[in-house]
Every structure is written in C-alpha cells, then in structure tokens.
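Novice: Fold the following and give me the result.
(2 chains)
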There are 2 protein chains.
Amino acid sequence: MTFILTFLGKSGIARTKIAIASAKLLASQGKRVLLAGLAEPALPILLGTTLTSDPQEIAPNLQVVQFQASVLLQRQWEEVKKLEAQYLRTPIIKDVYGEELVVLPGMDNALALNAIREYDASGKYDAIVYDGTGDASSLRMLGLPESLSWYVRRFRQLFVNSDLGKTIAESPLIQPLISTLFNFNWTADNFAQPTNQVNNFLEKGKAAVADPRRVAAFLVTTPEPIEVASSRYLWGSAQQIGITVGGVIVVSADGNHNVTDEFNPLPISVVPDAPAGEWRSLIDALPDFAQEAIKAPKPIEIDVHNRQVRLFLPGFDKKQVKLTQYGPEVTVEAGDQRRNIDLPPSLSGKSITGAKFQNSYLIVSF
Amino acid sequence: MTFILTFLGKSGIARTKIAIASAKLLASQGKRVLLAGLAEPALPILLGTTLTSDPQEIAPNLQVVQFQASVLLQRQWEEVKKLEAQYLRTPIIKDVYGEELVVLPGMDNALALNAIREYDASGKYDAIVYDGTGDASSLRMLGLPESLSWYVRRFRQLFVNSDLGKTIAESPLIQPLISTLFNFNWTADNFAQPTNQVNNFLEKGKAAVADPRRVAAFLVTTPEPIEVASSRYLWGSAQQIGITVGGVIVVSADGNHNVTDEFNPLPISVVPDAPAGEWRSLIDALPDFAQEAIKAPKPIEIDVHNRQVRLFLPGFDKKQVKLTQYGPEVTVEAGDQRRNIDLPPSLSGKSITGAKFQNSYLIVSF
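Specialist: A predicted model of the protein is given here:
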C-alpha cells in the first residue's frame, strides 16, 4: 500500500522545502519514496540536480520525478492512437502527433493525478510525496475521482436514454477507448447499472482519497495572519473534497507562533526557516505523517443507524455553509466547492429532517 | 478598450497586495477599474471587506469582484438549459440543477476567463486587474484562446469527415449551443472553412491576448534567488502563450536588489515590503503599466518579407527549447508548453530551412 502525502499552503518555496525534507525523512525510515514535483525551477534548484519526466534515484530509497504536462500528454496520446488504429476502420487522429499537442487548462491536474495513480499501482513505492500547487487547484485534482463520479452517477441515466448517448454507446471507438483508459466497461446497459462499479477507476480513486492511510494533506504556513487565514480556508476546502488534513507545519524563524486555536484539533509542528540545503533541522522537526493522518478528524461520517451525516467543515462559519436538497441530491456548498453526498441506499432519496452547524461540524439528519 | 492587467510570481500575498495597489493607482487616474480575485481569503482580508460574485464599488471608480467557480458554473448552466429546452424535443439535462454542479479541474480557469471576457465586453471598465493564481495555471488560462483555436484548426478537417463529426453537425442541440456560447457558426461546412473566423470568440480572444494594449502581465518577485528563477521561468512560459510581460516588480525591504541582469531588458520597479493597508508607498512605486507593456519585447514577430519568425524566449537556455516540424505544424516546446505557430499563408506548409537560438530569441527561417 502506497501512502500519498501532499502539502497545502500559500508559500510555494516553503512547501517545496517541506516536501523534500518529508521525502528524505520517509526514505531514511527505509520506505521506498517517490518525490513528484511540477515543471518549475524550485524543486530542481533546491535539490541541486536537473529532473526529468522519468523517476531517477537521487539517494538510497529516494527517487524524484518532474511531471511535465506536455510529455505526459504526448504519452497518453500515443496510447489513444494505438486504440484508434485497432478499432476504427478510418482513423481520425492518426496523423496528429503527440509532439504537437498543446496543454489546455485542467490537463495538468488530470495528467498529474493519472501519473500518481500509475506510480501508486506500480507497487514500486511505499510513499509518494507530491509537491503540487498546494492551492485550490491541487484540491480540484485530488477531488477529481469524486467529482467525476458524481457527474457519471447523475448523468448516467439521463444520458443513456438520449440520442447522443445511444450514438456513443454504438460507436466502434468510444467504448473500447473508455474501457481501456478507465478500466470501465461502458456499454449502454452497464453504464446504466454498473455491476462492477467498486472495481472501476473512479471508485478506486474515491476510496483511496477518502482513506487517510492512503492519502493525506498537511498544511504549511507561517504565523502571519493572512497566511493562517488562507491555510484555514484550504483546510475547510480539503474537507469538501474528502481529503484528510493530518496536521499543520508552522514555519517560524524564532520558534514562536500563536495559531493553536486556529487549527484546533490538529497537531502543530514548528519547523525552522532553514536555508536551502540545510535539511537536517527541518527533517528533525517533522511529525509522523501516517500516525497524525489516521488520528485526524474524518471529513465525512455517515451514521446509518441514527440516520445522520456529519461533515467536518473547519474554517467556515455558519453563513458560509449552504445545505440544499434539489432533486435527488443532497448538496453541501462551502469554500467554492459543492459536494453531493453519496448516500448509502437506506438514506438515499430521503428528505432532510434537520440540520445544524456546531463546532465546525455540519450535522444533517434524515 | 479595456486594459487587462495581471501578475505572475511565487508569492501569493505579495501579488495580491500589488494587484490592489495597481487597481487603486489606475482608479486614482480616473480609469474605471474592476479588481477581480479568486475565492480565497487574502483579497477580502487585505481590502477589509467581504466580497461577492457580483462587482461592488469600494471606492470611486473602483469595483471589486470575487470569481467563485461554483457560482459562475451555475449561471452558465442555466444558459445551457434554456438552449436545450429551446432546441431539443426531449431535453436531457433539464432536471439537473445548477445548484448541484461540482467544479472539475480546468473549470476555474475557463469560467474566470469567460467572466473577464464578459466584463471586458460590457464596456463598463477601462481596466481589469486580475489577481489570479499567478502561476502556470494562470498562463494556461490566458493561453486558452490560442490553445483551443489550435485544436479547432488541427482537428477541424479530420473531424468533419468523421462519423462522430457528422453526428454532431447534424445534432439539433450541439450546433445552436456552440453558436450561442462561442458566437461561432458551426455547421459542418463552416467548421471546415470558417469564413467569419476573425469575428469569432477564439480569434477575438487570441487577438486580445497578443495585443499589449489589451493584455499584459508583470512579474512580482523578491530578490531571493529561487523566487527570481521561478519568475524567469514564468516570464519565458508567458511568451510561449503569447502574453506580453511588461516589467518586473521587486519587493525589497531595504530597496536593494541584484536582478537587473536576470530580467534584462525589462524595466524593474522596486516596491517596499509594505504592511497590509499601507497602500500609499506601494502605489507611489508602481510603474506606468500601459506604457511599459507597449515597449516590452513582443513574444512573436513574423517577418513575411524575410521569411523569418522570431520568438522571444527569455529564461530558457538552448537545450530547453525544442523546435519540430511534424506534419503541417511548426511546434516550439519550452517551459512545459508547446506552441504551434499560426503561420501566414505565404509561410504555411513550408519547410524550415534554418533555426538559431541567440540572445533569448529563437529565429526560424523558411
């Protein structure tokens, strides 16, 4: 089982330093670690080495890879072309080269998530430390399995019965394409009632993201009030996409801070504002990530017996949280993200009988 | 004509402060200014006011809006549903509420760009200051008109002749949907040979982004070497999507810096590390954005007479720039973005006869 660790916070360079120190810490504990960063200069400068799109070992147990969206896109494209050639008598895209393809918004996130999924599935790593953008965009990325599976769930039946749905279900290309890319058997019938859903790509991703033994984020901040407010906002936003936030790392030159109340009940680790290259003092101050992640509040708890759903939404006040029930969906809106709660059969379709927001928990009764 | 100004750089809070000071400066000059930020706490805290998804006046000539992707998505959805109801006998999506919709990766960017486009077209503003993510993701967003128009250009003919293309061209919904959303007349025939291309959405967007009187970015950095390297990388990456970078704003507590060579030939403005709320010293140190943008190096110059294309690619060395000619496209790769050069008819389809990279310029001869 691979543990995927990432960091959220306003200060990019501090986050990258913490990611490097964390990767070094985990590698020193004997874990096989992959440190994955974006196509930006900070990570290679801090590591003092050039990075490539394929993992390279920079220390015992420690490999580093740089996600370049243009390279990842090119690789995916070659797979798509192979499929097209196999299934379509008159291929459309065979003359478009992967080397031409331009990266569009959102592709960086989808490609990076897919790359993490593949490294996770490779069985080669005990931990993947992802040094991403650390902002709302990183959360959109980690939320993709749940968000996309909601779109599938919600539009499935509507779509299957439509003309466009029928066209696609009958297309000789689209079916095998989707099956191969997503390991998902998309015939019109299966799409309507997927029997094998738990095994499919999105459900696997959702389950991983929701499991603090598999995926956890930690906040990185200074004691500066605006940064603290931004980190609290990211904390709450992370709950909305189901990511466990395990703790807070406060970068403080003098070791002081006054943020315990702001992040209650999360544990706080204070690390020095270490110059580039001085990893020891940072590493020594880091928490036990896996342990803290397991103890952290769960983003969502569904109590079927008491017909209650409890959502942990720290960093928001009552006015910033909206609960609605339109059509079949129970929707929670907070922090510029909506979450449609995937209710178990015994609660699904039931009307909300009560809701209250207290101690950062939204408690919904059915 | 609206001038759209944005900032690139690693330090989010510094960028937001500069954006606020810039908006105040332009408003004090009598321009009608819209300051647009993301759904994050930094901007409202620094302004000392709550913000909403609709512009509100906070000072004479100065309005502020916060782009909330979930709200923007909901508004777009209502438009799409109206169209569907109008054109489809059996609407598919009429029972899906805008209030349920979840934001996927890339949507933030596309929705923010569309919102900027609408505020630009409203004629209500002389300047829009966009306080975005300031990183590669912001560049993907501003590059969207060019990137997407490349996909349209490249796949148009391939697609029109395909079965899927014919299905969509004949669909009673898709055509009016695309025409309305993008002001683009997409019949199979027009899609193959768009006669009215210059007026369409993407071409308008491309033209605006390429025009330094319409869109300009400025770099914001401290003298810290890793931040300088990151800013140089963003500078080069911005050229790849055709954005003019007008100058550099260096935040320096003591007024010193040593970065003139790093950003040559851009003008450098040094601003103090002012505490939140002390805008005067910041405003006084800001450059004349519009003037500097016009004087800055152009990202691309096409010299039809000498059969040469000159691309300005600062911040990269020769090894980091790749030039290829696959099929009909001349592709430049640098900084995790590819650019397919939209050549004029007299150069289009010609083979490259020579290329050199010197003084940060890639010069391609045909």
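
Novice: How about stretch A:278-295, which residues are buried there?
Specialist: A:279, A:282-283, A:285-287, A:289-290, A:292-293 (16 or more other C-beta atoms under 10 Å in any protein chain shown). C-beta coordinates here come from the backbone N, C-alpha and C atoms, glycine included.

Novice: Now A:F357. Nearest residue, chain neighbours left out?
Specialist: Distance criterion C-beta to C-beta, 6 or more residues apart in numbering or on different chains; nearest residue to A:F357, sequence neighbours excluded, is A:K318 at 4.8 Å.

Novice: gap between that neighbour and A:M141?
Specialist: Distance check for A:K318 against A:M141: by C-beta to C-beta, to the nearest Å, it reads 29 Å.

Novice: What backbone torsions are found at the residue of chain A found nearest chain B?
Specialist: Scanning chain A for the residue nearest chain B gives A:G106, at 1.9 Å (criterion: C-beta to the nearest C-beta). Main-chain torsions, A:G106, degrees, to the nearest 10: phi 90, psi -30.

Novice: Restricting to C-alpha, output stretch A:92-99 in PDB.
Specialist: The C-alpha coordinates for stretch A:92-99 follow below in PDB (Å, rounded to 0.1, in the frame of the first residue of the first chain):
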ATOM      1  CA  ILE A  92      -9.400  10.300 -37.500                       C
ATOM      2  CA  ILE A  93      -6.400  11.200 -35.400                       C
ATOM      3  CA  LYS A  94      -3.600   9.000 -36.700                       C
ATOM      4  CA  ASP A  95      -1.900  12.000 -38.400                       C
ATOM      5  CA  VAL A  96      -1.900  14.100 -35.300                       C
ATOM      6  CA  TYR A  97       1.400  13.800 -33.500                       C
ATOM      7  CA  GLY A  98       1.800  13.700 -29.700                       C
ATOM      8  CA  GLU A  99       4.600  16.100 -30.200                       C
END
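
Novice: Tally up the residues packed near the residue nearest to A:F357, please.
Specialist: Neighbouring residues of A:K318 were enumerated by other C-beta atoms under 10 Å in any protein chain shown; the total is 10.

Novice: before we move on, what about the one 10 residues further on?
Specialist: Neighbour count for A:P328, taken as other C-beta under 10 Å: 13.

Novice: separation between the closest residue to A:G9 other than its chain neighbours and B:S122?
Specialist: Once flanking residues are discounted, A:G9 sits nearest to A:V220: 3.7 Å by C-beta to C-beta, 6+ apart. Counting by C-beta to C-beta, the gap from A:V220 to B:S122 is 39 Å.

Novice: Just want to know which of these two has more residues nearby.
Specialist: Looking at A:V220 and B:S122 with other C-beta under 10 Å, you find the greater number of neighbours at A:V220, namely 26 against 11.

Novice: And that one, which helix or strand is it part of?
Specialist: In this assignment (DSSP states H and E), A:V220 forms part of strand A:215-221.

Novice: With A:I283 instead?
Specialist: Per DSSP H and E: A:I283 is located in helix A:279-285.

Novice: if you average pLDDT over that helix, what comes out?
Specialist: For helix A:279-285, the mean pLDDT works out to 96.

Novice: Spatially nearest residue to A:G143 (excluding sequence neighbours)?
Specialist: Closest to A:G143 by C-beta to C-beta, 6+ apart is A:I241, at 3.1 Å.

Novice: so what's that neighbour up against?
Specialist: A:I241 makes contacts with A:139-140, A:142-143, A:146-147, A:209, A:337, A:339, as judged by C-beta atoms under 8 Å, 6 or more residues apart in numbering or on different chains.

Novice: I'd assumed A:L83 was in contact with A:K94.
Specialist: No - using C-beta atoms under 8 Å, A:K94 is not in contact with A:L83, being 11.1 Å away.

Novice: all helices of the stretch 251-366 of chain A, in order?
Specialist: Ranges of helices in the stretch 251-366 of chain A, per DSSP state H, counting those that start in this stretch, are A:279-285, A:289-295.

Novice: how far out from the middle of the chain is stretch A:110-128?
Specialist: Here the centre of stretch A:110-128 is set off from its chain's centre by 12 Å, with C-alpha atoms, centre = their mean, to the nearest Å.

Novice: burial of A:R214, as a residue count?
Specialist: A:R214, neighbours per other C-beta under 10 Å, totals 16.

Novice: Also the one 4 residues further on?
Specialist: A:F218 sits with 28 neighbouring residues when counted by other C-beta under 10 Å.

Novice: Quickly list what it is bridged to.
Specialist: Taking DSSP bridges as the rule, A:F218 bridges to A:F7, A:G247.

Novice: Check it and give its pLDDT.
Specialist: Per-residue confidence at A:F218 stands at 98 (pLDDT).

Novice: which residues of chain A score low on pLDDT?
Specialist: Low-confidence segments of chain A, defined by pLDDT under 70: A:87-91, A:157, A:159-199.

Novice: The residue nearest in space to the middle of it: helix or strand, and which one exactly?
Specialist: Residue closest to the mean C-alpha point of chain A, counted by C-alpha atoms, centre = their mean, is A:L142 at 1.6 Å. Per DSSP H and E, A:L142 falls inside helix A:136-160.

Novice: go on, A:R213?
Specialist: Per DSSP H and E, A:R213 falls between elements, in no helix or strand.

Novice: Is A:L35 in contact with A:A21, as I believe?
Specialist: No - A:L35 lies out of contact with A:A21 (C-beta under 8 Å); the separation is 10.4 Å.

Novice: Give me the more crowded residue out of the two.
Specialist: Between A:L35 and A:A21, counting by other C-beta under 10 Å, A:L35 is the more crowded of the two (29 against 23).

Novice: Neighbour count: A:K94 and A:L83, which is higher?
Specialist: A:L83 (17 against 13).

Novice: Find the helix or strand that the more buried one is a member of.
Specialist: Counting by DSSP H and E, A:L83 is part of helix A:69-87.

Novice: hmm, that helix touching chain B?
Specialist: Yes - using C-beta under 8 Å from any C-beta of the partner chain, helix A:69-87 comes into contact with chain B via A:69-70.

Novice: show me the residues around A:A238 that make contact.
Specialist: Residues near A:A238 by C-beta under 8 Å, 6+ apart: A:8, A:139, A:217, A:244-245, A:299.
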